[in-house]
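>>> coordinates only, sequence not included:
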């Protein structure tokens with residue numbers, strides 16, 4: 001009887017380890033970096049916005065997934081009411097193609113902290129999540145709202 005109990009405990013523990021660690025050979029994700037120019041309308045400045053749109057005009061940016069392939073990326077989205085260059089949030093849809101795969105990925109994002117004109121944040125998508133920096137190229141967030149920026153992504157595609 002004692003031996004059966006011991007086997008049951010060991011099997012139960014092994015089952016927990018399998019659930020916690022995931023299936024053998026599971027893909028931990030593929031590191032990908034991206035870069036694109038985004039247009040914000042009406043733009044972000046020091047005063048809270050009533051919300052607005054973000055777009056790249058299609059997959060106009062670059063995506064580099066190392067051995068997973070290179071490709072293109074773009075976004076269409078919105079920033080939330082109350083957002084400023086100092087902080088805010090929003091949502092959107094990434095469209096990206098890498099290797100032979102094309103993906104539409106719904107995401108949310110938040111941002112804050114300006115350091116030498118750079119806004120930083122994070123994004124969480126269904127498949128692609130990570131961090132980003134945004135450097136205004138039209139407007140400066142102080143004297144004029146930023147209406148165009150270079151966005152650099154550093155994340156993982158699962």
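Perfect, thanks for sending it. Nothing here was measured: the structure is a model prediction, and the numbers come from that model.
>>> which residues does the residue nearest to the spatial centre of the chain bridge with?
The residue lying closest to the centre of the chain (C-alpha atoms, centre = their mean) is residue 123, at 3.2 Å. Applying DSSP bridges to residue 123 gives these bridge partners: residue 109, residue 130.
>>> can you list the buried residues in the strand or helix carrying residue 120?
Assigned by DSSP states H and E, residue 120 falls within strand 118-125. For strand 118-125, burial by neighbour count (16 or more other C-beta atoms under 10 Å) applies to 119, 121, 123, 125. Glycine gets a C-beta too; all of them are placed from N, C-alpha and C.
>>> swap in stretch 88-100?
88, 89, 90, 92, 94, 95, 96, 97, 98.
>>> and residue 98, how far from residue 150?
Distance of residue 98 to residue 150, computed by C-beta to C-beta, to the nearest Å: 20 Å.
>>> and what of residue 111?
From residue 111 over to residue 150 the distance is 14 Å, taken as C-beta to C-beta.
>>> which one's more surrounded, these two?
residue 111 (24 against 15; other C-beta atoms under 10 Å).
>>> okay, and that one sits in which element?
strand 101-115.
>>> pretty sure residue 117 is touching residue 134, no?
No - with contact defined as C-beta atoms under 8 Å, residue 117 and residue 134 do not form a contacting pair (9.6 Å).
>>> which one of the two has more residues nearby?
residue 134 (23 against 14).
>>> who's in contact with the more buried one?
When contacts are counted by C-beta atoms under 8 Å, 6 or more residues apart in numbering, residue 134 is found next to 38, 111, 118, 119, 120, 121, 149, 150, 151, 152.
>>> for it, give its distance to residue 100.
From residue 134 to residue 100 the distance is 30 Å (C-beta to C-beta).
>>> quick one: list the elements packing against the strand holding residue 120.
strand 101-115, strand 128-138, strand 146-157 (3 or more C-beta pairs under 8 Å, 6 or more residues apart in numbering; DSSP states H and E).
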